[in-house]
Every structure is written in structure tokens, then in C-alpha cells.
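Coordinates for the following, if possible.
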Amino acid sequence: MPTQTDVVIVGAGLAGLRAAQLLTQRGFTVRLVDSSDHVGGRVHSSTTDGFILDQGFQLINPSYPELVASGVLEELDLRSFAPALRFSDGETSFEVADPRYALMPNLRALGGQLAPSDAFSLSRLLLAARFTSATRLTRGADRTTLEGLLEVGLSPSVINKVLQPFLRGTMLDETLETSWHYAQLLFKSFASGRPGTPATGVSALPLALLNSSPALQLHLHEAVTALTATSVSTNTASYSARAVLVATDQSTAAALIGTPDTGWRTQTAYWFATPQLEKSQQFRIDTKRGVWNMLDVSSVAPERAPSGRGLVVASGVGDRDDALVRSDLARLYDLDEGDVVLIERQVVTRALPKLTTPLNCTRPASRGDLFVAGDWMQTPSIQGALVSGRRAADAITEQLAA
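Residues are numbered from 1 along each chain as shown. Sure thing, here's the model as predicted:
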């Protein structure tokens, strides 16, 4: 006979883990099944030659409301980066800082690079995002990010020189066709918190969620072969439940239950070993080629590199020659190319689900008799995944309590 629990969750990513956390806290028995050898899905870290590498370039923003609500933030040992973006071609550079700390320096720095009206409009955009609620930011008709930037008065010059390089690395979208509502939420996150990295890599987040659910029954290395509203069959076992939640990525959910698959955005990440660097805590954006964004991870988390070494990640859309990326990194950090050593090159084909327009964060947390969760149902972000897991847990709680 199949083993029964109140809920079986398929998928141990952030959405599934958040749903499991809430359901176990509410007294339900929960079984979590995943085909992988680790929890966290795409939020994963590994160790190579003493360097702790994440799967792709990932940051955690402590201002995410659902992350705060999960209660695990203090467990992450999150190390925050400088609240600034440094744009550089290797000869000249300027910074866009968090407007909470450096509004006037922002205007002065931008004034040397952009028209005064653009410098003012960009700072106004960041301030408005910081102090406007998410509900108001996403009110009204949606449009593409490019259309939204033009409508708020920013010129093509500032879009191409400042915003597109930043958003290209964040949304993995070269044409800025992504939802403007979502872009505004990204600006809000940037202007509300200081993104960082855990000392042990981004895997710290899913592990913290798992550890906060001690009653959870976890089954890894089990691929789901069939499911219904009350049963799940895997390659090794069968389970029955009062409710089943599919909390996988969108492509897996499409194969299992026929939900839409809008496609993926790909990220290429290069992890480099360098000498230990100084004053390198800003997110650096290459304006010479406009392709690669770079961050010295070890500047705030030296534990992620062997003693005396630096760990820098370069990320972008598409693919480039390894030697060219190494040359660009050496230029941005004023290093000899011989001091920059490639540790690992990652092509993450499923980095982010595509999000065009309109943004829809109110999809029902069910499909027929099955419950569904995943960042693709909200926003392609840690916040989106966690919110989706919470919404699914609330829907399941309501059904089981009826």
C-alpha cells in the first residue's frame, strides 16, 4: 500500500521548500520528493579547488518581504556588497549608488557622464521605486521595460549606457522586452536593500528552509513518473496524500500536468581566481563591450576562496571566448591577465523563466485538483518563488481544513 501523508510536494526548490515549511508549521504531515541530489533546485552551490561557486551568478536581497517572513534570514550569514554599481571601460568610470546613501554624489557622478536631465530622471526613478509600494508600481497597463523607461523620460543614451547593461545582467534580456512592472520591482529591490551572498554560497538559503522544517519527510533521487490529485508515483516508490503540490520549474510542470512553458533565459557565468583584491565590493559593469557584469564575491565573503585568493564571477547573456572574458575582467580590476585564472565556465540554460508582458502574479495556485507553485507563476526571482510557495500552502490549508 502507498505510504500516506497529508501533502506530497513534487520539487524541492524554493517554492516547494517554502510551502513545506508553512504546512509543517501548521501541523500537516508533508513529503517532499525531488529527482535531484540536493534541495534548492537552481539555487545551488558547489566547491571546486577550495572555491565555493554558485550555479550561475546569484545574489540574495535581504529586503525581499517573503524572505523576511520565512524567518531564515539570520541563518544565512549574508554578506552585503557596496550599495553601488560601478560602470567602467577600463579608462573612465562612474558609479550609480543607492539613493538612500548618496543622492547628491549620484547626481554629480552622473552629471559628468549624462545630460543633466537624464541624471536627474535616473535618480528620480530610483527614489520613486524605493518609496512607492509594490502594489502601486504594478498598477495599470503593463508594457515592455524599454517602453516603460522611455515613458518616464529617460533618453536612449542613458538607457543604453546605464540601464540596459545593468538590466541585461539581471533579467538576462538583451532587448528589454521583459515586463516593465517587474523591472520596477527590481529597481525597488535595488533601492531598498543591499544584495549579498552567504559565506557558504547560495545553497545556504534552501538548507535553512529545510532545517526550519524538521518534521518534513525528504526523498531525493526520486523522479516522478505519474501523479494524480491524491497520489504520486516515482521511479522507486508510490505515495498517497490528501493533496499534491507540483512545485517544479515550468518545463517540468508542463511535462507533468500540461501547464504553459514560456521558455527560458540562458546565463553564462565565468568563475575566476584572482589575487586578493582591495576596494572591490561594487557590482562592476563593463561599458566597453556592454556584455559582462562582474562581482568580487570574496570581497565580502573571503571564506568562499582559499586564503589570500580572490573569487570573481563574470556573467552575461550568450557566449564569449574565455580569453576575451578574462581580458575584460583584468581590465576592470586593473590586473595582469596572467593573474586571472578560470576555475569554471557555466552555461545555465535554465537560469530564469522568460517573463514578458503583462506581469500576472494572481494565477490560481491550482490546476484542476492539483496545486501548483514556482517562480514562473510570480516573478523569476527568489521573492517570486517564495511567494508562490506561500500562496500554494495557503490554498492547500484552506482545502484540507474544509
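
What is the least confident helix or strand in the chain?
Within the chain, no helix or strand scores below helix 99-111, which has a mean of 49 by mean pLDDT, DSSP states H and E.

next SSE after that helix?
helix 116-131 (DSSP states H and E).

which helices and strands does that following helix pack with?
helix 99-111, helix 156-158, helix 180-192 (3 or more CB pairs under 8 Å, 6 or more residues apart in numbering; DSSP states H and E). All C-beta spots, glycine's among them, are computed from the backbone N, C-alpha and C.

Contacts for the helix or strand just after the last one, please.
Which is helix 180-192. Scanning forward in sequence from helix 180-192 by DSSP H and E, the next helix or strand is strand 196-198. Contacts to strand 196-198, defined as CB atoms under 8 Å, 6 or more residues apart in numbering, come from residues 54, 58-62, 76-81, 204-205, 297, 300-301, 304.

ok, now with 7 Å
Contacting residues not belonging to strand 196-198 are listed as 59-60, 62, 76-81, 204, 297, 300-301 [CB atoms under 7 Å, 6 or more residues apart in numbering].

Put the buried members of the residues you listed into a PyMOL selection.
Those of those that count as buried under 16 or more other CB atoms under 10 Å are selected in PyMOL with:
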select buried, resi 59+60+62+76+78+79+80+81+204+297+300+301
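
Just the ones of the contacts of strand 196-198 in helices?
Of the contacts of strand 196-198, the ones assigned to helices by DSSP state H are Ala204.

Serialize the contacts of strand 196-198 to a markdown table and add fields for distance to Ala129 and pLDDT.
A markdown table is the format used below for the contacts of strand 196-198 (distance: CB to CB, whole Å; pLDDT from 0 to 100):
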| residue | distance to Ala129 | pLDDT |
| --- | --- | --- |
| Leu59 | 17 | 93 |
| Ile60 | 19 | 95 |
| Pro62 | 17 | 93 |
| Leu76 | 24 | 96 |
| Asp77 | 28 | 95 |
| Leu78 | 22 | 96 |
| Arg79 | 24 | 96 |
| Ser80 | 19 | 93 |
| Phe81 | 19 | 91 |
| Ala204 | 27 | 98 |
| Val297 | 26 | 97 |
| Val300 | 24 | 96 |
| Ala301 | 27 | 97 |
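
where exactly do the strands run in the stretch 251-400 of the chain?
264-275, 283-286, 293-296, 309-316, 341-353, 366-367, 370-372 (DSSP state E, counting those that start in this stretch).

so which of those comes closest to Leu126?
Minimum separation from Leu126 across the strands of the stretch 251-400 of the chain (CB to CB) falls at strand 283-286, 14.4 Å.

Next, the buried residues of that closest one.
283-286.

Now do the buried residues in stretch 11-30.
Neighbour-count burial for stretch 11-30 flags 11-24, 28-30 (criterion: 16+ other CB under 10 Å).

average pLDDT across the longest helix along the chain?
In the chain, with assignment by DSSP H, the single longest helix is helix 382-401. For helix 382-401, mean pLDDT is 97.

Make 502 the first number, not 1, from now on.
With the count now opening at 502, the last piece we talked about shows up as helix 883-902.

List of residues touching it?
With contact meaning CB under 7 Å, 6+ apart, helix 883-902 is reached by 507-508, 514-520, 523-524, 527, 529, 561, 565, 567-568, 571, 743-744, 746, 748, 866-867, 872-876, 878-879.

cool, stretch 783-791 as well?
Contacts for stretch 783-791 (CB under 7 Å, 6+ apart): 582-583, 585-591, 596, 662, 666-667, 793-796, 829, 833.

pLDDT below threshold where in the stretch 502-651 of the chain?
Along the stretch 502-651 of the chain, segments meeting pLDDT under 70 span 502-503, 591, 598-616.

please redo it, this time with the cut-off set to 90
Applying pLDDT under 90 to the stretch 502-651 of the chain flags residues 502-505, 564, 583-633, 635-636, 640.

circling back to that earlier point, just the buried residues of strand 784-787: which has the poorest pLDDT?
Asp787 (82).

Identify the bridge partners of that residue.
In this structure, Asp787 bridges to Ser589 when assessed by DSSP bridges.

Restricted to strands, list the contacts of helix 883-902.
Those of the contacts of helix 883-902 mapping onto strands are 507-508, 743-744, 746, 867, 872-873, per DSSP state E.

among these, who's most crowded?
Neighbour counts for the ones in strands among the contacts of helix 883-902, by other CB atoms under 10 Å, peak at Leu746, which reaches 30 neighbours.

Who does that residue form a beta bridge with?
The residues listed as beta-bridge partners of Leu746 by DSSP bridges are Ile510, Phe872.

so how far is Pro657 from Gly641?
Plainly put, Gly641 is 23 Å away from Pro657 if you go by CB to CB, to the nearest Å.

So for those two, which residue has more residues nearby?
Using other CB under 10 Å, the more surrounded residue of Gly641 and Pro657 is Pro657, with 12 against 9.

what domains does the record give for the chain?
Following automatic domain parsing, the chain resolves into domains at 504-545+704-764+859-902, 546-582+697-702+765-854, 585-693.

Mean neighbour count, those: which tops it?
Most buried of the domains of the chain by mean neighbour count (mean count of other CB atoms under 10 Å) is domain 504-545+704-764+859-902; its value is a mean of 20.

end to end, how far does it reach?
When the termini of domain 504-545+704-764+859-902 are compared using CA to CA, to the nearest Å, they are 21 Å apart.

so how far is it from its chain's centroid?
18 Å (CA atoms, centre = their mean, to the nearest Å).

repeat for stretch 702-711
That offset, for stretch 702-711, works out to 13 Å (CA atoms, centre = their mean).

And for that stretch, what's in contact with it?
515, 518-519, 522, 540-541, 544-546, 553, 555, 559, 561, 571, 573, 576-578, 699, 805.

So which of these are in helices?
Per DSSP H, the contacts of stretch 702-711 map to helices at 515, 518-519, 522, 571.

Just name the closest of these to Tyr771, please.
Ranked by distance to Tyr771 (CB to CB), those are led by Leu515 at 24.8 Å.
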